[in-house]
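build the 3D model from these lines:
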Amino acid sequence: MNKTNMKGQAAMEYLMTYGWAILIVLVVGAALFYLRVFNPSVASGSVGFSNVAVIQHTYNAAGTLSLQIENRAVEQVNVTRIYDLTDDIVIDVTDITVAAGSRATLSGAVGVTGNTGDSYKLDLAIEYVSSLGSINSTGTISGSRS
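Sure, this is the predicted structure:
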């Protein structure tokens, strides 16, 4: 047998062996991507807010954010603005008064659209006015778009 043919056979065996291994890795990767393993859903919740806290929230694919807030202060507060600390997105709020211990629902267009099921995490500041002056209650909300 010719030495050139032996080199060609070794090269083909090498390519076939590693070709099948690469194909298997690609198929497994595609299956994991399809099952959304690389985009896990984020647990829905809110953390870090002080006297005016977010109790429940939804953020839909059209970009509308809805927040249920609770006034944990000992006096009535007037919510004047809600904004995202990271992206400078402002949710227009027309001065909503919330009595001590009460809840209110606020909703506004954030303007950032997405897909249903996409995870999100927003660092928010709720600006309100009390007898102490203008105060910010900051925290983070996270979840999956509805």
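
which stretches of this structure form strands?
Under the criterion DSSP state E, the chain carries strands at the ranges 45-47, 52-59, 64-71, 77-84, 90-91, 96-98, 103-109, 119-130, 133-144.

do you know which of those lies nearest residue 38?
With Cβ to Cβ as the criterion, residue 38 lies closest to strand 119-130 of the strands of the chain, at 11.5 Å. In this view, the C-beta of every residue, glycine as well, is placed from N, C-alpha and C.

direction included, what does the helix or strand bottoming out on mean pLDDT in the chain pair against?
When each helix and strand of the chain is scored by mean pLDDT, DSSP states H and E, strand 90-91 comes last, with a mean of 75. According to DSSP bridges, strand 90-91 forms sheet pairs with strand 77-84 (antiparallel).

now the strand it pairs with and strand 119-130, what's the angle there?
150 degrees (axes from the mean of the first three to the mean of the last three Cα atoms, to 10 degrees).

now strand 77-84, how far from the chain's geometric center?
Relative to its parent chain, strand 77-84 has a centroid offset of 21 Å by Cα atoms, centre = their mean, to the nearest Å.

what of stretch 92-104?
Distance of stretch 92-104 from its chain centroid, counting by Cα atoms, centre = their mean, is 25 Å.

cool, stretch 70-86 as well?
In terms of Cα atoms, centre = their mean, the centre of stretch 70-86 is found 21 Å from the chain centre.
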